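A.B. asks: missing the sequence, but the structure's below:
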């Protein structure tokens, strides 16, 4: 199409008219500032940090690989003005750490961001690299309102990026002004396998804005699924699968990982469950019977996804083991000193499993202490991985107590020996390779509504290789509760 | 289109002193000297106040995928099949809903609707205006536009009916769902049709066209067509402009009656086809269509 280039004057008129409107909008924000308790400062970084703590950049934990040397400013590069933030992303073998990331925090008590709808910034890369995560709402103090975009693709020229605020009415006092994390540039594959290279990117003009061009197209809780489950009194269900998606002025849809605190929750029967926000937001089952529906809205818009929870009352305590401690190497039991720490939520790719540690006071034992059980739901496959290995060469069985609520449940246990390298090696189908061995047994005929004590022999391929037991893979179920997992000799 | 508009913003926004002067000057130009509309004598309207099918005294349907008109895909490789079913076209709660759906229908994968006033309202000159809320997402191509009524001409001693672009086309509002803050207004005629048409984009500042209603209109006289959105004229096209834009090749054909068309096209050459993120169904919601002289 040919443009009518003759009519610039009207166009300028429109442009300037719109500038007048824009100015008016900004005045409204300023007026709000007079009334608000906390300042509404929009700028985070222009040529200098604006209203941030003296340390400016607060790195993620260097002990976890964050490279604190990679952050700086650059007076030779800027989108606007004279200076920008320069990030020299380290290579995987950098002795100072293999990734860079952290936050900027407001130096005061926080800002009132209710008048804005987005965090925006300009960025360019030395190469077309990807910033793993960019967001705000993390202050390393309360971390109440994290919101972030992942995998932001940079270009080698300055470009503006937008992170929508999921629901700015919540941000009356926010200290988490900016968050980013980036790792090496991978030009070979998509796997973080050490072949990445270092690269540089620059950030400028980081600020909160009222764009008014964002459309909330989707808000998800529990990944948008309508779930239902039965659960026991005093147990907890995590809030998960939370995101919002916005359509930008560019036509692009961007997904924002969203704190549940941006949502308003509805709970149809507060005597059955309550939503606790004290530390990690969770659903606490408080009633001994009844059913409740947990759902949510965001800024009066519907959130897809809900959880119908029926309380089954109290979970009976698992049987108390009677074996002498000398005959036992425990990995999960309140009756023995565990010999290894475990990771019961390894997050295997493709796993649909939800698992939580159900902890309560055990009053059936004379000296009261906490009783812990592992509660699994929607399990397809997951594992209990040991921090280290268990030498079971003098032991002959694994014990586990299993509680199920419904009949006809079966669970496969795969006891894995990691071999001398003590590394779990599996093929794509989950079978042991290299020096690994496992023994698999499927447990059927479980009685619902009571604890079933199961003894699995250390047999088959691990009968003669069980000195480096490294984990237990759990397949199927899909809903069950475990307690008292230990290896023993009768 | 966008890059040019942005360039102008940057170029003229930077010198603050100059901008200040222009502010005053243009402020007078828009608010006092140049009136957005001058014609206020309402001669035809549909306020869509009666639930059900659109008023048949005002509207006809174009049905199909263009094959019957010898332009499969309506000349633009569009993907939709137009129907008169209530799923695609209905008046409800005081508004007209034209709804595009993703469904298999008559060998097409999308359905939609296209209304015209052909044979019912055909007017030369005047003000044509509609209040519309638009859908969003790649592949959506809704429009509020006018086509000229063909006349018979003599070709090789035979009477034939004129065809496009000889009849002329005035696109009051076109919009692509992957640019939710932009609309454009266009003239097509002999020597300036299709990709060579004369067009300008209007960008809504601090708002989107899919989150609320906006008024789209033209005021058309024997000498010019003014395009406006919400009371802002963003383009004026005159006979002289057409001559200049086409090096004298283009012909002003806007001295005949034109009729109104409202439709949502899906996919095709201009918007590109819908992608996995495009949400169906969505509607173009029309609060009213009014014609003045």
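C.D. replies: Alright, I've got the coordinates. From a predicted model like this one, the values you see are computed outputs, not experimental measurements.

A.B. asks: what's the burial count for the residue of chain A found nearest chain B?
C.D. replies: With C-beta to the nearest C-beta, the shortest gap between chain A and chain B falls at residue A:251, namely 3.2 Å. Heads up, the C-betas are built off the backbone N, CA and C, glycines and all. Using other C-beta atoms under 10 Å in any protein chain shown, residue A:251 is surrounded by 17 other residues.

A.B. asks: for the one 3 residues further on, same thing?
C.D. replies: The tally of other residues near residue A:254 (other C-beta under 10 Å) stands at 19.

A.B. asks: pretty sure residue B:241 sits against residue B:198.
C.D. replies: Yes - using C-beta atoms under 8 Å, residue B:241 is in contact with residue B:198, at 7.0 Å.

A.B. asks: neighbour count winner among the two?
C.D. replies: The residue with more neighbours, out of residue B:241 and residue B:198, is residue B:198; 24 against 21, by other C-beta under 10 Å.

A.B. asks: the more buried one bridge partners, please.
C.D. replies: The partner list for residue B:198 in beta bridges (DSSP bridges) reads residue A:2, residue B:187.

A.B. asks: touching, it and residue B:187? I think so.
C.D. replies: Yes - with contact defined as C-beta under 8 Å, residue B:198 reaches residue B:187; the gap is 5.0 Å.

A.B. asks: roughly how far does the closest residue to chain A within the stretch 101-250 of chain B sit from residue B:184?
C.D. replies: Residue nearest to chain A within the stretch 101-250 of chain B: residue B:178 (3.2 Å; C-beta to the nearest C-beta). Using C-beta to C-beta, to the nearest Å, residue B:178 is found at 14 Å from residue B:184.

A.B. asks: kindly report the same for residue A:380.
C.D. replies: 51 Å.

A.B. asks: between the two, who's got more neighbours?
C.D. replies: Neighbours were counted for residue A:380 and for residue B:184 using other C-beta under 10 Å; residue B:184 has more, 23 against 14.

A.B. asks: and residue B:198, how far is that from residue B:271?
C.D. replies: Distance, residue B:198 to residue B:271, by C-beta to C-beta: 20 Å.

A.B. asks: what do you get for residue A:343?
C.D. replies: Applying C-beta to C-beta, the value for residue A:343 to residue B:271 is 49 Å.

A.B. asks: more crowded one of the two?
C.D. replies: Neighbours per residue (other C-beta under 10 Å) separate residue A:343 from residue B:271, with residue B:271 holding more: 24 against 12.

A.B. asks: for that one, helix, strand, or coil?
C.D. replies: Secondary structure state of residue B:271, per DSSP: H, G, I helix; E, B strand; the rest coil, is coil.

A.B. asks: ditto for the one 3 residues further on
C.D. replies: Three states are possible here, and by three-state DSSP the one that applies to residue B:274 is coil.

A.B. asks: now do it against residue B:67, distance only.
C.D. replies: For residue B:274, the distance to residue B:67 equals 21 Å [C-beta to C-beta].

A.B. asks: phi, psi of residue B:192?
C.D. replies: phi -150, psi 60 (degrees, to the nearest 10).

A.B. asks: no, scratch that, I was asking about residue A:456
C.D. replies: Note on residue A:456: its backbone torsions stand at phi -110, psi 120 [degrees, to the nearest 10].

A.B. asks: can you check residue A:384 too?
C.D. replies: Main-chain dihedrals, residue A:384, degrees, to the nearest 10: phi -110, psi 110.

A.B. asks: next up, the contacts around it.
C.D. replies: Residues near residue A:384 by C-beta atoms under 8 Å, 6 or more residues apart in numbering or on different chains: A:331-332, A:342-344, A:374, A:471-472, A:474, A:485.

A.B. asks: which residues of chain A score low on pLDDT?
C.D. replies: A:1-36, A:279, A:361-370 (pLDDT under 70).

A.B. asks: how's chain B carved up into domains?
C.D. replies: Domains of chain B are assigned by automatic domain parsing as B:1-34, B:38-292.

A.B. asks: most tightly surrounded among those?
C.D. replies: Of all the domains of chain B, domain B:38-292 has the most neighbours on average by mean count of other C-beta atoms under 10 Å in any protein chain shown, namely a mean of 19.

A.B. asks: quick check: mean pLDDT across that domain?
C.D. replies: The pLDDT scores in domain B:38-292 average 96.

A.B. asks: ends of it, how far apart?
C.D. replies: Start and end residues of domain B:38-292 are separated by 10 Å (C-alpha to C-alpha, to the nearest Å).

A.B. asks: touching, residue A:312 and residue A:404? I think so.
C.D. replies: No - assessed by C-beta under 8 Å, residue A:312 is found out of contact with residue A:404, at 11.6 Å.

A.B. asks: and the two? Which one has more around it.
C.D. replies: residue A:404 (21 against 15).

A.B. asks: wait, what's in contact with that one?
C.D. replies: Here residue A:404 is in contact with A:446, A:448, A:452, A:479-481 (C-beta under 8 Å, 6+ apart).

A.B. asks: tell me the SS of the residue of the stretch 101-250 of chain B closest to chain A?
C.D. replies: At residue B:178 the chain is in coil, as set by three-state DSSP.

A.B. asks: which stretches of the stretch 1-150 of chain B form strands?
C.D. replies: For the stretch 1-150 of chain B, strands defined by DSSP state E, counting those that start in this stretch occupy the ranges B:42-46, B:60-62, B:80-82, B:89-92, B:95-105, B:108-112, B:114-116, B:126-133, B:140-148.

A.B. asks: what angle do the longest one and strand B:126-133 make?
C.D. replies: Inter-element angle recorded for strand B:95-105 and strand B:126-133: 70 degrees (by axes from the mean of the first three to the mean of the last three C-alpha atoms, to 10 degrees).

A.B. asks: can you check the first one too?
C.D. replies: For the pair strand B:42-46 and strand B:126-133, the angle between their directions (the same axes, to 10 degrees) equals 30 degrees.
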